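Undergrad: Have a look at this fold, sequence not included:
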């Protein structure tokens, strides 16, 4: 149980052994520290991104939500298809949060078309952004007094069908003072009339937040001191300071490599199960989200996000069609148009992940196509007149 | 102060300097002061509780010894006082909640306002040590030690929060006769235990924890059969890595202070029966349960019914010891059923052959089968342990045992992959350890092999430290801290 150290090696004294072991360990740590600073690429400088000034990326952490800039606002909700650019050849990193994504292009086109209108475009997006998460973030924006004029809501069926968990960054919204109360009030409003299950989930997240805040309050002085020590060390050691990037690289190499081997054997025919419970909850949240957005007086435009057409669907296509038919009906009742952009982006505009076709992310020309499509469809429906409305 | 923190490593370094620069006869005072500081760093008012509990037990022991030869009567009072302490801090809120629930179900006003006291860290562990000492005094197997040495026995910082649960006869002689020097092999041994413990906690246990937490926070209605088994196995691994890593760091830290603690884990997932599992899992608690609950409940005649009854009662109490909640009670009872079932299956064979059953001299294939069966049964139990309510536990068990009804898969492929790799590594670990021990212990190895082994050990130590630095994510507590 005690490992190699408990052995009794014959040839030299214990002190020599201690010296050899500790020196070797020290050399390994020093080499790793030296090597890690070369493995991790430097952070992208803000000026390299070159995003239009009126595009506001809503940060992942709710506490960092920016103040309302005034003027007319356009919100864009969706998963990573709205912001991530894929790698283009094997071993290329997935590029995210760079310029040239759909919202940037939409902003430039809008500015060119309506030069006199002061418009701000807000991107509320996460990878696999789920309806309960969307509902929470929209609730937070409304609670802060922000009101949209136009909302684009991009949906991917694969996201709705399997999962309904709240990610940590979005959960943190429930730790903001007063948020849960205000959000509950929005949801029970007769025009929104959210399902009881959604209210239960809000209550559960509120209790979780209270519990965590109590634990935070009871944190010992030793823990606080340790936090300072780690912060101090992180500034001096790459192994700690850049640990999340190093972890990501290690996981990509190890798990990604094994998964790729598995995927190669499976081909592209692998399909995921639809999880009834999560799917039903997501649909309820989606309906509540539409009603909540409509209640603000905004023009809402839904679209089914682009998909590759050269690969089999990951989730039961029959259920997908059934969902779309039902959702279209619900949206129609609220006067919300639903666009089908699934076949919009040609297959050659999509990226690659470690040598396999990427199902989730398309390249800059794909983003250009989507921006053009949304602009035109909104124009057809006279949505943009909302921007100049008082 | 958590073991998996930089502040603890700094604290340990200062403690070691202070301990080894102090003359041997005064070392116990240094250890006592730093142990009190260690405990107070979490929540200082509860230091009084720790000191008071130890003092109560020590004075109680003196009172028992000064009394009549039959020590049971006075001993009973001291035991009751210790149990009362545990009950008040650990079980009172749970008791009040249950009474309130029953009252509201009957339509009455809720009679209690539930007290929300902070659970004193390590109370289950140090109260059990106090109880074992008191019982040993009643049985005349232990003598009265000095007051401050007894305080150090209870408060010795490496094992204070989550064990190993020590006996007075194991620790007090080491306190009274401290070792005079710290040998380089002992130093390296302690360092190795700490580094490997940190690696297991930070990289393995904390690596699994987010996925496990996410899976258990999902509504169980969305969980399929294979998912439920994955959750059971993954949590089983997480708690094993988490707790065994704590024990390794505790044993290593104590060794650096010149004190030997007992082992707490011996590859439990390689056990071939539920009884063997408990001889390998949380060993210091298992022998406590065996010596102070199971044997007294068994009585003089080890009949099958007496064995089953003793197993059921003692394991249910073991479940209650782990936490105040019905899922823990169910988990303890479940293990009682497993052990009783094992006794039923093997009783006749043992009576006839007077030899250990099933696993003894088993063929490799049969042995692998018994390991797998034990692993599956133990894993199923973890669903009870980890669930936050009986409803969730029942829902997950239902899914785990009905593959025809819940054939879908909801959890991520990465989680499956990660857990599979870790299970294989856990099963391979005892074989690897045996090979390494054989290699380093072989006399025919020349000096070159010796040097190569040292270099390999150094390289491994360095690699573990590097991974610990990379995987140090925020401040994560050990699971057993809540018990």
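TA: Arrived safely, thanks for sending. The model shown is predicted, which means the values in this text are computed figures rather than measured ones.
Undergrad: contacts and neighbour counts: CA atoms only from here.
TA: Noted.
Undergrad: what about the longest helix in chain B?
TA: Longest helix in chain B by number of residues, with DSSP state H as the criterion: helix B:225-256.
Undergrad: could you say what helices and strands that one packs with?
TA: Contacts defined by 3 or more Cα pairs under 8 Å, 6 or more residues apart in numbering or on different chains; DSSP states H and E place helix B:225-256 against helix B:157-160, helix B:184-199, helix B:206-217, helix B:364-386, helix B:390-401, helix B:413-441.
Undergrad: and residue 105, how many neighbours?
TA: You didn't pick a chain, so chain A it is. The number of residues packed near residue A:105 is 23, by other Cα atoms under 10 Å in any protein chain shown.
Undergrad: try chain B instead
TA: Neighbour number of residue B:105 under other Cα under 10 Å is 11.
Undergrad: again with residue B:174
TA: 17.
Undergrad: now swap in residue A:217 and tell me
TA: With other Cα under 10 Å as criterion, residue A:217 counts 9.
Undergrad: Please, where are all the strands along chain B?
TA: Read by DSSP state E, chain B holds no strands at all.
Undergrad: Would you mind checking which helix or strand in it has the lowest mean pLDDT?
TA: One helix or strand of chain B scores below all others by mean pLDDT, DSSP states H and E: helix B:92-105, with a mean of 82.
Undergrad: Show me how far it is from its chain's centre.
TA: 29 Å (Cα atoms, centre = their mean, to the nearest Å).
Undergrad: List the buried residues of it.
TA: B:92-97, B:99-101 (16 or more other Cα atoms under 10 Å in any protein chain shown).
Undergrad: on that earlier part again, present the helices and strands packed on helix B:225-256 as CSV; the columns should include distance to chain A and mean neighbour count.
TA: Formatted as CSV, the helices and strands packed on helix B:225-256 follow (distance: least, Cα to the nearest Cα, whole Å; neighbours: other Cα atoms under 10 Å in any protein chain shown):
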stretch, distance to chain A, mean neighbour count
helix B:157-160, 15, 24
helix B:184-199, 5, 23
helix B:206-217, 8, 18
helix B:364-386, 17, 19
helix B:390-401, 14, 19
helix B:413-441, 6, 15
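Undergrad: Let's have these in JSON lines, adding mean pLDDT.
TA: Below are the helices and strands packed on helix B:225-256 laid out as JSON lines (pLDDT from 0 to 100):
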{"stretch": "helix B:157-160", "mean pLDDT": "92"}
{"stretch": "helix B:184-199", "mean pLDDT": "90"}
{"stretch": "helix B:206-217", "mean pLDDT": "89"}
{"stretch": "helix B:364-386", "mean pLDDT": "91"}
{"stretch": "helix B:390-401", "mean pLDDT": "92"}
{"stretch": "helix B:413-441", "mean pLDDT": "86"}
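Undergrad: Make CSV out of those and add distance to residue A:304.
TA: Output for those, formatted as CSV (distance: least, Cα to Cα, whole Å):
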stretch, distance to residue A:304
helix B:157-160, 58
helix B:184-199, 45
helix B:206-217, 28
helix B:364-386, 39
helix B:390-401, 34
helix B:413-441, 26
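Undergrad: Ok, which of these comes nearest residue B:275?
TA: Minimum separation from residue B:275 across the helices and strands packed on helix B:225-256 (Cα to Cα) falls at helix B:364-386, 9.6 Å.
Undergrad: Just the angle for that closest one relative to helix B:413-441, thanks.
TA: Relative orientation of helix B:364-386 versus helix B:413-441 (axes from the mean of the first three to the mean of the last three Cα atoms, to 10 degrees): 130 degrees.
Undergrad: Run through the neighbouring helices and strands of helix B:364-386.
TA: Checked by 3+ Cα pairs under 8 Å, 6+ apart, helix B:364-386 has helix B:225-256, helix B:274-280, helix B:326-353, helix B:390-401 packed alongside it.
Undergrad: Which neighbouring elements make contact with the shortest one?
TA: If contacts are counted by 3+ Cα pairs under 8 Å, 6+ apart, helix B:274-280 sits against helix B:283-289, helix B:326-353, helix B:364-386.
Undergrad: Nearest to residue A:67 among the ones you listed would be which one?
TA: Nearest of the helices and strands packed on helix B:274-280 (Cα to Cα): helix B:364-386, 41.8 Å.
Undergrad: what angle do the closest one and helix B:206-217 make?
TA: 60 degrees.
Undergrad: wait, residue B:184 sits on residue A:13?
TA: No. If you go by Cα atoms under 8 Å, residue B:184 and residue A:13 don't touch, sitting 9.1 Å apart.
Undergrad: Common neighbours of these two, please.
TA: Shared contacts of residue B:184 and residue A:13, defined by Cα atoms under 8 Å, 6 or more residues apart in numbering or on different chains, are absent.
Undergrad: Can you tell me the element residue A:351 falls in?
TA: strand A:350-353 (DSSP states H and E).
Undergrad: is that strand up against chain B anywhere?
TA: No. Shown here: strand A:350-353 not in contact with chain B (Cα under 8 Å from any Cα of the partner chain), separated by at least 15.8 Å.
Undergrad: Relative to the whole chain's centre, how far out is that strand?
TA: 18 Å.
Undergrad: Does anything pack onto that strand? Which helices or strands?
TA: With 3+ Cα pairs under 8 Å, 6+ apart as the test, strand A:350-353 has strand A:356-362 packed against it.
Undergrad: Now do the buried residues in the strand it packs on.
TA: A:357-362.
Undergrad: doesn't residue A:124 fall inside a strand?
TA: Yes. Counting by DSSP: H, G, I helix; E, B strand; the rest coil, residue A:124 is part of a strand.
Undergrad: Report the contact partners of it.
TA: Per Cα under 8 Å, 6+ apart, neighbours of residue A:124: A:57-58, A:75-78, A:137.
Undergrad: and if we set it to 10 Å?
TA: A:56-60, A:75-79, A:82-83, A:134, A:137-138, A:141, A:153 (Cα atoms under 10 Å, 6 or more residues apart in numbering or on different chains).
Undergrad: how far away is residue B:70 from residue B:139?
TA: Look at residue B:70 and residue B:139: by Cα to Cα, to the nearest Å, they are 9 Å apart.
Undergrad: And for residue B:72?
TA: 9 Å.
Undergrad: what does residue B:284 give?
TA: 20 Å.
Undergrad: neighbour-wise, which of those two wins?
TA: Neighbour totals were compared for residue B:284 and residue B:139, and residue B:284 leads with 21 against 13 (other Cα under 10 Å).
Undergrad: Counting neighbours, what do you get for residue 334?
TA: As the question left the chain open, I've gone with chain A. Neighbour number of residue A:334 under other Cα under 10 Å is 13.
Undergrad: hmm, I had chain B in mind actually
TA: For residue B:334, the count of nearby residues is 21 (other Cα under 10 Å).
Undergrad: For it, which residues are in contact?
TA: Residue B:334 neighbours (Cα under 10 Å, 6+ apart): B:312, B:315-316, B:319, B:328, B:340, B:377-378, B:380-381, B:384.
Undergrad: Spatially nearest residue to the residue in the stretch 251-400 of chain B positioned nearest to chain A, not counting backbone neighbours?
TA: Residue nearest to chain A within the stretch 251-400 of chain B (Cα to the nearest Cα): residue B:266, separated by 7.0 Å. Spatial nearest neighbour of residue B:266, chain neighbours left out: residue B:280 (4.8 Å); criterion: Cα to Cα, 6 or more residues apart in numbering or on different chains.
Undergrad: correct me, but the one you found touches residue B:240?
TA: No. Taking Cα atoms under 10 Å as the definition, residue B:280 is not a contact partner of residue B:240, at 11.2 Å.
Undergrad: ok, the two, which is more surrounded?
TA: residue B:240 (23 against 20).
Undergrad: Can you get me a residue count around the residue nearest to residue A:275 when sequence neighbours are not counted?
TA: Among residues not flanking residue A:275 along the chain, residue A:162 sits closest, at 5.0 Å (Cα to Cα, 6+ apart). Neighbour count for residue A:162, taken as other Cα under 10 Å: 24.
Undergrad: For the most centrally placed residue in chain A, give me its contacts.
TA: Nearest to the centroid of the C-alpha atoms of chain A, with distances taken as Cα atoms, centre = their mean, sits residue A:126, at 1.4 Å. Residues in contact with residue A:126, defined by Cα under 10 Å, 6+ apart, are A:58-60, A:77-84, A:133-134, A:167, A:169-170.
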